[in-house]
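A.B. asks: Here is my input, please return the structure:
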Amino acid sequence: MVAPRSVARFNRRVTNRVFGKLAPFAPGFGMIVHKGRKSGRTFRTPVNIFRAENGYVVALTYGSQSDWVRNVVAAGGCDAIMRGQTVHLTEPELVRDPRRRRVPAFTRPILGAVGVDEFLLLHAVNSEKFQ
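C.D. replies: This is a model prediction of the structure:
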């Protein structure tokens, strides 16, 4: 079970505004920059993001129906700011991974405790920056 929508609303209004300034620099975190499907506005969403084969994997702590996930999938990609650098990500793919094998071992128990088993895989266009 992923985090309830009430928690997501609180985080969007409060936590994300505070943590959003740290996420682009904190290990295991990043900022997804995406455009709204309907509004066309640019949004920034702090996420748990990790290196994966040919790109990155994002833990979907609120599930695959979150607006930001739907925006990224509809657009076919997004930008991610990690460790102060921006990388363009394409080819979004939603996957279910109940054993959480796509993320680092030390994060599996934490994600398991909150019931995260959905992930977004993204191909890194300029991945040479993050070797």
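
A.B. asks: Could you pull out the strands in the protein for me?
C.D. replies: Applying DSSP state E to the chain gives strands spanning 29-35, 42-52, 55-59, 77-82, 85-96, 118-124.

A.B. asks: Check the ones you listed for me and report the most buried one.
C.D. replies: For the strands of the chain, the largest average neighbour count (mean count of other CB atoms under 10 Å) is found in strand 55-59, namely a mean of 24. Just so you know, the C-beta spots here come from the backbone N, C-alpha and C atoms, and that holds for glycine as well.

A.B. asks: Send me the lengthiest helix in the chain as PDB with only the CA atoms.
C.D. replies: Criterion DSSP state H: the longest helix present in the chain is helix 67-75. Listed next in PDB are the C-alpha coordinates belonging to helix 67-75 (Å, rounded to 0.1, in the frame of the first residue of the first chain):
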ATOM      1  CA  ASP A  67      -0.200  13.700 -11.500                       C
ATOM      2  CA  TRP A  68       3.600  14.100 -12.000                       C
ATOM      3  CA  VAL A  69       4.000  10.500 -13.100                       C
ATOM      4  CA  ARG A  70       1.100  10.800 -15.600                       C
ATOM      5  CA  ASN A  71       2.700  14.100 -16.900                       C
ATOM      6  CA  VAL A  72       6.100  12.400 -17.400                       C
ATOM      7  CA  VAL A  73       4.600   9.400 -19.200                       C
ATOM      8  CA  ALA A  74       2.300  11.600 -21.400                       C
ATOM      9  CA  ALA A  75       5.300  13.800 -22.400                       C
END
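
A.B. asks: Show me what that helix is packed up against.
C.D. replies: strand 29-35, strand 42-52, strand 85-96, strand 118-124 (3 or more CB pairs under 8 Å, 6 or more residues apart in numbering; DSSP states H and E).
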